[in-house]
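Asker: Just a sequence and a predicted model for now, questions to come.
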Amino acid sequence: MKHSLVQLADKFNWTKIDELCSAKFCKNNGRTALPSRMVVGLLLLKQMNDLSDEEVCAKFIENPYFQYFCGNKYFEHKIGLTSESLTNWRKRLGNEIFQQILVETIALGLAEEVISPKELSEVISDTTVQEKNITYPTDGKLLCKALEQVVELGLACGVKFRQTYKRTAPRLKNNAARLSHARKPAQAKRETKRLRTLLGRVIRESERQIENLKNVSQGLLQQFKDKIIVAKQVFEQKRDSKDKIYSIHEPEVSCIAKGKAHKKYEFGSKVGIVSTIKNSFILAVDSFSGNPYDGKTLSDLLIQTELNTGENITTVVLDKGYRGCKKAHPEIKVMLSGDRNLSPSEKKKLKQRSKIEPTIGLMKSKCRMDLNRLKGSIGDKLNATLAAVAYNLRMILRVIFYFIIYCLFLQNIQRNYQLVKTNWQKLGVVQHRLIKQLWQSLKLAFY
């Protein structure tokens, strides 16, 4: 079969993937797990085609090329798993396995001549924000959500509240939002202050009764205590506080300002990316908690790149966000945007720094890095790594697709050339010469 996905499935090292996944399972213990190729293949297809877990399972049933990529020998009308299985497998495999799959895509790129070994020592690095799937944080939303969750867990543990404020809290939140929209900040502030008072009341009632709770599982009790800690932080934080909470169910989310005109603040995690200068093939990716200075992310990314490629990095091209990191890497040629006194070859490399920007854009628009729907800081790392793997596979797929088109075009040209050859005597000398020149140029172009 000449489909590009079939060609990619035949060339990918699935044996190595099975070896990596088998380390996460016990032998002779319980029910046999699903085939690792099937699950990993579905996770890769999901990222490559920007699908949800439910959508990729539905596509698997109707698309024979998806089934071939996942290792099926025959077309099947049912799928032996649900979308929840993909969630469990992501948690079980962890980021380390998907980092190894990224290494396999680099090896495949070298084998298919998408990149050359010379390109691995000269790289570009940049950071971007991977937004989390949360609502825009306001004081009213955070206070109301914290109150609702503390009350819900408290009732489950057996806490007796004087009032639960199930109707009062949403009303105050909505009033604050309406008044703020109507340009009445003083009145909106009054509603928010009232909501903060109710949250403090609920927290104090919970803390008084939490030590006397009986017949409560330790897991539920610990979850209740953790939620009280988060609610207290929301209750106490002010406008100028540091390490603020921006989401109750995702407390690791950070507020990052990248200076964009259309989006002043983004809420998520910072992701660092390293790619080759020539072809923008991704060599390393990692997610960082908080909002670290770009220069502090560079060391980890360069170490990871050298481990993934097995090559020492000699040149790295950066933007002005990394100013001040040259002293930390004296053994590497670090070039920043705006540097002067460079040789012509170094200037050429520096001009190619902006190649990484469309790479980041494609990772966000095509490989699901625009909005991270996976939970926690481990979800940030998983989504970034899977997006990098999907981007590299899409790049290899594109090369395979164009090669198939070129082969079909050459077959057509050769067939026409044979027809011309049979009627050679009827053509003139000038036509003979032109046809020979065209055939030679086509062979040089495509071979």
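Answerer: Arrived safely.

Asker: Quick check: which ranges of this structure have low pLDDT?
Answerer: 1, 406, 408-447 (pLDDT under 70).

Asker: Would you mind listing the residues in contact with the residue positioned nearest the centre of the chain?
Answerer: Geometric centre of the chain, nearest residue: residue 384, 2.6 Å, by CA atoms, centre = their mean. By CB atoms under 8 Å, 6 or more residues apart in numbering, the contact list for residue 384 reads 130, 271, 285, 286, 287, 369. The C-beta positions use only the backbone N, C-alpha and C, and glycine is treated the same way.

Asker: again, only this time at 10 Å
Answerer: Neighbour list for residue 384: 95, 98, 128, 130, 269-273, 285-288, 363, 367, 369, 372, 374 [criterion: CB atoms under 10 Å, 6 or more residues apart in numbering].

Asker: same deal with residue 85?
Answerer: Applying CB under 10 Å, 6+ apart to residue 85 gives the contacts 33, 34, 38, 39, 42, 53, 57, 79.

Asker: Just say helix, strand or coil for the last one.
Answerer: Taken by DSSP: H, G, I helix; E, B strand; the rest coil, the conformation at residue 79 corresponds to coil.

Asker: Next, the buried residues of stretch 318-325.
Answerer: 318, 319, 322, 325 (16 or more other CB atoms under 10 Å).

Asker: And stretch 260-274, by the same measure?
Answerer: Going by 16+ other CB under 10 Å, stretch 260-274 has these buried residues: 266, 267, 268, 269, 270, 271, 272, 273, 274.

Asker: tell me which of those residues is nearest to residue 234?
Answerer: Checking the buried residues of stretch 260-274 against residue 234 with CB to CB, the nearest one is residue 267 at 14.9 Å.

Asker: Checking my notes, that closest one in a helix, right?
Answerer: No: per three-state DSSP, residue 267 lies outside any helix segment and is strand.

Asker: hmm, back to that, the residue nearest to the centre of the chain should be in a strand, yeah?
Answerer: No: Residue 384 is assigned helix when assessed by three-state DSSP, not a strand.

Asker: can you pull out the helices in the stretch 201-350 of the chain?
Answerer: 218-236, 294-309, 344-351 (DSSP state H, counting those that start in this stretch).

Asker: what's the most buried one of the ones you listed?
Answerer: helix 294-309 (a mean of 18; mean count of other CB atoms under 10 Å).

Asker: mind exporting it as PDB, just the C-alpha atoms?
Answerer: Extracted C-alpha coordinates of helix 294-309, given in PDB (Å, rounded to 0.1, in the frame of the first residue of the first chain):
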ATOM      1  CA  ASP A 294      14.200  31.800  29.900                       C
ATOM      2  CA  GLY A 295      17.900  31.500  30.600                       C
ATOM      3  CA  LYS A 296      17.300  29.200  33.500                       C
ATOM      4  CA  THR A 297      15.400  26.700  31.200                       C
ATOM      5  CA  LEU A 298      18.200  26.500  28.700                       C
ATOM      6  CA  SER A 299      20.600  24.200  30.600                       C
ATOM      7  CA  ASP A 300      18.000  21.400  31.100                       C
ATOM      8  CA  LEU A 301      17.000  21.600  27.500                       C
ATOM      9  CA  LEU A 302      20.500  21.500  26.100                       C
ATOM     10  CA  ILE A 303      21.300  18.500  28.400                       C
ATOM     11  CA  GLN A 304      18.200  16.700  27.200                       C
ATOM     12  CA  THR A 305      19.000  17.500  23.500                       C
ATOM     13  CA  GLU A 306      22.500  16.000  23.800                       C
ATOM     14  CA  LEU A 307      21.000  12.800  25.500                       C
ATOM     15  CA  ASN A 308      18.400  12.500  22.700                       C
ATOM     16  CA  THR A 309      20.700  13.000  19.800                       C
END
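
Asker: just checking, what packs against that helix?
Answerer: Using 3 or more CB pairs under 10 Å, 6 or more residues apart in numbering; DSSP states H and E, the elements in contact with helix 294-309 are helix 83-111, strand 122-132, strand 266-276, strand 282-288, strand 315-318.

Asker: packing partners for the fourth one?
Answerer: So the one you mean is strand 282-288. Going by 3+ CB pairs under 10 Å, 6+ apart, strand 282-288 lies up against helix 83-111, strand 122-132, strand 266-276, helix 294-309, helix 356-366, helix 376-422.

Asker: now swap in the third one and tell me
Answerer: Under the contact definition 3+ CB pairs under 10 Å, 6+ apart, strand 266-276 sits against strand 122-132, strand 254-256, strand 282-288, helix 294-309, helix 356-366, strand 371-372, helix 376-422.

Asker: rerun that using 7 Å as the cut-off
Answerer: strand 122-132, strand 254-256, strand 282-288, helix 294-309, helix 356-366 (3 or more CB pairs under 7 Å, 6 or more residues apart in numbering; DSSP states H and E).

Asker: among those, which is nearest residue 89?
Answerer: strand 282-288 (19.6 Å).

Asker: If you count neighbours, what's buried in stretch 53-64?
Answerer: 53, 56, 57, 59, 60, 63, 64.

Asker: how about the nearest residue to the second one, chain neighbours excluded?
Answerer: Spatial nearest neighbour of residue 56, excluding adjacent residues (CB to CB, 6 or more residues apart in numbering): residue 46 at 4.2 Å.

Asker: The helix or strand hosting the one you found versus helix 356-366: what angle between them?
Answerer: Taking DSSP states H and E as the definition, one finds residue 46 inside helix 36-48. Counting by axes from the mean of the first three to the mean of the last three CA atoms, to 10 degrees, helix 36-48 lies at 110 degrees to helix 356-366.

Asker: re the thing from before, what would the helices and strands packed on strand 266-276 look like in TSV with distance to residue 168?
Answerer: Output for these, formatted as TSV (distance: least, CB to CB, whole Å):
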stretch	distance to residue 168
strand 122-132	29
strand 254-256	29
strand 282-288	39
helix 294-309	45
helix 356-366	40
